[in-house]
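Student: Quick one, what's the 3D model for this:
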Amino acid sequence: MGKTLACKDVGVNCDFVITGKDEADVLRQAAAHAKDCHHDIQITPAVQAKIRAAIKEEGGGCCGGSCH
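Tutor: Purely as a prediction, here's the structure:
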């Protein structure tokens with residue numbers, strides 16, 4: 001199962017959602033998206049930590065995807 005990241009989950013007013021195969025893939029895509037669309041945001045270590053904390057399992061829902 002892959003990973004997802006929504007800009008809104010990091011506190012950015014943006015509807016963009018990234019889907020990747022793993023955390024590293026999502027982080028690469030997030031950096032590219034930030035460079036292209038969020039010129040005012042610097043990717044500092046604190047921002048990286050916030051991004052990592054907001055990455056979720058794809059289809060994860062409320063309880064890690066185990067809801068029935």
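
Student: which stretches of this protein form helices?
Tutor: In the chain, the segments counted as helices under DSSP state H are 23-37, 45-54.

Student: which other residues reach the first one?
Tutor: By that I understand helix 23-37. 2-5, 7, 14, 16, 18-20, 41, 43, 48, 51-52, 55 (Cβ atoms under 8 Å, 6 or more residues apart in numbering). For glycine as for every other residue, the C-beta is placed from the backbone atoms N, C-alpha and C.

Student: Top of these by number of neighbours, please.
Tutor: Within those, neighbour counts (other Cβ atoms under 10 Å) peak at residue 5, which reaches 23 neighbours.

Student: residues contacting that one?
Tutor: Residues near residue 5 by Cβ under 8 Å, 6+ apart: 17, 18, 20, 26, 29, 30, 51, 54, 55, 56.

Student: Which two of those residues have the greatest separation?
Tutor: Greatest spacing in the contacts of residue 5, by Cβ to Cβ: 29 and 56 (14.3 Å).

Student: Determine which two of the contacts of helix 23-37 are furthest apart.
Tutor: The span of the contacts of helix 23-37, defined through Cβ to Cβ, is set by 2 and 41 at 23.9 Å.

Student: just for the chain, where's the confidence low?
Tutor: 60-68 (pLDDT under 70).

Student: go again using 50 as the cut-off
Tutor: For the chain, applying pLDDT under 50 flags the ranges 64-68.

Student: The residue nearest to residue 41 when sequence neighbours are not counted: neighbouring residues, count only.
Tutor: Counting by Cβ to Cβ, 6 or more residues apart in numbering, residue 34 is the residue found nearest to residue 41 once chain neighbours are left out, at 5.6 Å. By the criterion of other Cβ under 10 Å, residue 34 has 21 neighbours.
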